[in-house]
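# have a look at this prediction, sequence included:
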There are 2 protein chains.
Amino acid sequence: MPVLVMKFGGTSVADLARIRNAAEKVKREVEQGYDVIVVVSAMSGKTNELVGWVEQTSPLFDAREYDAVVSSGENVTAGLMALTLQEMDVPARSWQGWQVPLKTTSAHSAARIEAIPRDNIDQKFAEGMKVAVVAGFQGISSEGRITTLGRGGSDTTAVAFAAAFDAVRCDIYTDVDGVYTTDPRIEDKARKLDRIAFEEMLELASLGAKVLQTRSVELAMRYKVKLRVLSSFEDTDENSGTLVCDEEDIVEQNVVSGVAYSRDEAKMTLISVADRPGIAAAIFGPLAKAGVNVDMIVQNISEEGRTDMTFSCPVNQVARAREAMNKTKDAGEVNFRELVADTDVAKVSVVGIGMRSHAGVASTMFDALAAEGINIRVITTSEIKISVLIDRKYMELAVQALHDAFKLENAG
Amino acid sequence: MPVLVMKFGGTSVADLARIRNAAEKVKREVEQGYDVIVVVSAMSGKTNELVGWVEQTSPLFDAREYDAVVSSGENVTAGLMALTLQEMDVPARSWQGWQVPLKTTSAHSAARIEAIPRDNIDQKFAEGMKVAVVAGFQGISSEGRITTLGRGGSDTTAVAFAAAFDAVRCDIYTDVDGVYTTDPRIEDKARKLDRIAFEEMLELASLGAKVLQTRSVELAMRYKVKLRVLSSFEDTDENSGTLVCDEEDIVEQNVVSGVAYSRDEAKMTLISVADRPGIAAAIFGPLAKAGVNVDMIVQNISEEGRTDMTFSCPVNQVARAREAMNKTKDAGEVNFRELVADTDVAKVSVVGIGMRSHAGVASTMFDALAAEGINIRVITTSEIKISVLIDRKYMELAVQALHDAFKLENAG
């Protein structure tokens, strides 16, 4: 039998009625002839409750105990989902991470999956079980302790099962009906994409389109797992949602697939840095150690042995970045005159695999922004993405202008 | 190091503050030089919530999934207790049933403990861990699935660990401060007992003094585990509570240790049963099959091949009993004229190991009741217990009269 993986997030299993709704979707796939692996999250709110208890109990908690407590939410949903399917006459049983066993590293609360032996579940499929309900987000370490995979871990669990069981597809049911050309709250002409390439999805996800967890997309790309995002709350069929896939599987590739944004950015500039070999490492090493997520980096032309170094980071990390830089200055490791922070900027990006083979994307972008009188503070580019920092007040306008300029209302 | 087992029930770990209070009691025992095994229940209310979800999902639920869901409450408490102890600088870790592993039969929701290998926990004790926090109520079957032990399973878990680890004692922390000569709500002269024999505790527990689960007392008796009941909510020391122990460990044995009662009894009489060999089996077999918990049984003298058969059962099982008896009559298996039910009776019992060697307990009892004008409907006796059925309206009076007659205000 072909195997299909279906994953339901916290809002999709928030109460017994929603679990039943999800189970009906599972039953339909069984009737289509699939053996189904269902990966479930905790009922929404449950994980936060458990995390709250742990943090109140022990601010510097033992991550092994944290994992043992926090993983219990998924176990409850898995059991309830199996029971719901049984009530619908679908042969089903639940599997906790350690029962599969889903083997992980011992990096508690941020463990990585090492192996998913198929034997136990395959044997049950062979005996007539139609649905294996797996508690997401959790595994077992070589020491026999419960691990969790960190934020978005249930998406990653689902993709890993799809890879291990050569699934025809991994369907991620969530509270949105797919991936859009941009945020419909900002641009009402935003269109749902039928297909998007893994690389594009990665750029969109890391830019704040929080539909899929980045690690799960990376894993899907590596193992060529067809990943589909679709809504739990609508009637769905095989054409619903957005398919995240290999670029070869996309026939009509748009030059640009989407416009992403990130509102809470800060632009920081180290003015008059003494330029020397290794200076970038001397700056960004301490920032990384301080937990600052540096995104864009621009270095101006060096004059008389001094340069300006500009970088962006989330606005709530500015204080941390400043402290780290002052320390390195005091330690004599980096010499600069001043650190200037502009906390009033936003990032807007266009993303598209097609731009590899199409010239002129950058100039179209810059023209469109100029036509609206939007000044560009910083530019960075990658093979499939161009990002600019602009004043935050222009963010919505920039998204709309770029959506128009690349004719994304015709995408999909 | 000597091992001490401490068990905390649901109200004793109802929230983070109470878990902390319980952890402080554990820490004090560690400071006394014990290696401690702590057995915890789910935070009060949690198990009922989970059971409710299962029952709403699937009225005839798969007990394996029920167990997987319902056991999660204890896992949460175990992790939080371990974290709380770590915060107090007590080396602790949590163990879920399958991690120990606590091996059970496959009778899901009512599994029996088969083995508790000591290796894993002993090794951690040897490495310097001072407290093993064990999730109560749960184990693992030979098929690798989670089992639960049924009602009161955490008490049973605690006693089983005490037996497996040759513990010096098993302390059951609960919301009462010990076992009393009778219910203090009925008789304000009721006294807390310092010691009580296993056999007496069994009679008192099954008579409705719900301090300890019957199975746990039976297990403690079989393995000679010293069992102590004491309060979570008071300052306690080594003399607190009530010790349930072998009768040899009780120096000053009272003739009668306690007066128990059961309010909601019914007395049923099958009038004019055709008496023949095997008639008792023909009556009580179908009743047992129908789930009627028959307690006392009295058969009158047979006259002319016919007799009256009287039995008692909980008042809410009368309809079920009547239905079962009518069926057997219709099937021609038992012939009787009439089934009379008196649903307005209560049972009062005196319990005491000492009555084995003391004559006159019965007559003291009957005299005391007669002096109050209380009519006795049915009498049954065992080696250490005399029970009577009386009109329910006299129940409190009977308890008080018997407490006086056996001078229990001087017990303890």
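On my side now, so go ahead.
# please make it C-alpha for all contacts and neighbour counts, starting now.
OK.
# neighbouring strands of the helix or strand harbouring residue A:228 in the sheet, and parallel or not?
Residue A:228 is part of strand A:227-231 when elements are defined by DSSP states H and E. Using DSSP bridges, the strands paired with strand A:227-231 are strand A:169-174 (parallel), strand A:242-245 (antiparallel).
# export the shortest one as CSV, just CAs?
To tie it back to what came earlier, the one meant is strand A:242-245. Taking C-alpha atoms only, strand A:242-245 is exported to CSV below (Å, rounded to 0.1, in the frame of the first residue of the first chain):
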residue,chain,number,x,y,z
THR,A,242,0.1,24.5,-1.9
LEU,A,243,2.6,21.8,-2.9
VAL,A,244,6.1,22.5,-1.8
CYS,A,245,8.3,20.5,-4.2
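# re earlier: how about the strand holding residue A:228: buried residues?
Neighbour-count burial for strand A:227-231, with 16 or more other C-alpha atoms under 10 Å in any protein chain shown as criterion, is recorded at A:227-231.
# quick one: contacts for residue A:221?
By C-alpha atoms under 8 Å, 6 or more residues apart in numbering or on different chains, the residues touching residue A:221 are A:198-199, A:245-246.
# what comes up buried for the helix or strand harbouring it?
Using DSSP H and E, residue A:221 sits within helix A:214-223. Residues A:214-221 are the ones in helix A:214-223 that count as buried (16+ other C-alpha under 10 Å).
# how about these in JSON lines, adding pLDDT?
Listed next are those as JSON lines, based on pLDDT from 0 to 100:
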{"residue": "A:214", "pLDDT": "85"}
{"residue": "A:215", "pLDDT": "89"}
{"residue": "A:216", "pLDDT": "92"}
{"residue": "A:217", "pLDDT": "92"}
{"residue": "A:218", "pLDDT": "92"}
{"residue": "A:219", "pLDDT": "94"}
{"residue": "A:220", "pLDDT": "95"}
{"residue": "A:221", "pLDDT": "95"}
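# how about CSV for the residues you listed, with distance to residue A:129 added?
As requested, these are exported to CSV (distance: C-alpha to C-alpha, whole Å):
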residue, distance to residue A:129
A:214, 32
A:215, 30
A:216, 27
A:217, 29
A:218, 31
A:219, 27
A:220, 26
A:221, 29
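# ok, so of those, who is nearest residue A:349?
residue A:214 (17.1 Å; C-alpha to C-alpha).
# wait, that closest one touches residue A:204, no?
No. The criterion here is C-alpha atoms under 8 Å, and residue A:214 misses it with residue A:204 at 9.2 Å.
# intersection of neighbour lists for these two?
In contact with both residue A:214 and residue A:204: no residue, using C-alpha under 8 Å, 6+ apart.
# what's the worst-scoring helix or strand of chain A on mean pLDDT packed up against?
Ranking every helix and strand in chain A by mean pLDDT, DSSP states H and E puts helix A:198-206 at the bottom, with a mean of 84. The contact analysis (3 or more C-alpha pairs under 8 Å, 6 or more residues apart in numbering or on different chains; DSSP states H and E) places helix A:198-206 against helix A:214-223, strand A:242-245, strand A:338-351.
# just put these in a markdown table and tack on distance to residue A:272.
A markdown table is the format used below for the helices and strands packed on helix A:198-206 (distance: least, C-alpha to C-alpha, whole Å):
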| stretch | distance to residue A:272 |
| --- | --- |
| helix A:214-223 | 36 |
| strand A:242-245 | 45 |
| strand A:338-351 | 7 |
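# to residue A:192, which of these lies closest?
strand A:242-245 (7.4 Å).
# next SSE after the closest one?
Past strand A:242-245, the next helix or strand by DSSP H and E is strand A:258-274.
# for that next one, which positions count as buried?
Neighbour-count burial for strand A:258-274 flags A:258-263, A:265-274 (criterion: 16+ other C-alpha under 10 Å).
# can you give the strand pairings for it, parallel or anti for each?
When DSSP bridges is applied, strand A:258-274 pairs with strand A:306-314 (antiparallel), strand A:338-351 (antiparallel).
# how about the helix or strand following the first one: buried residues?
In other words, strand A:306-314. Next along the chain after strand A:306-314, taking DSSP H and E as the criterion, comes helix A:318-330. Along helix A:318-330, these residues count as buried under the neighbour rule (16+ other C-alpha under 10 Å): A:318, A:321, A:324-326, A:328.
# roughly how far is the helix holding residue A:221 from the heart of the chain?
10 Å (C-alpha atoms, centre = their mean, to the nearest Å).
# any idea how far whatever residue of the stretch 301-412 of chain A ends up closest to chain B is from residue B:239?
For the stretch 301-412 of chain A and chain B, the shortest gap (C-alpha to the nearest C-alpha) falls at residue A:320, measuring 27.7 Å. To residue B:239, residue A:320 is 55 Å away according to C-alpha to C-alpha, to the nearest Å.
# could you look up the SS state of the closest residue to chain B within the stretch 101-250 of chain A?
Relative to chain B, the nearest point of the stretch 101-250 of chain A is residue A:144 (7.3 Å; C-alpha to the nearest C-alpha). Per DSSP: H, G, I helix; E, B strand; the rest coil, the local secondary structure of residue A:144 is coil.
# all set, thanks.
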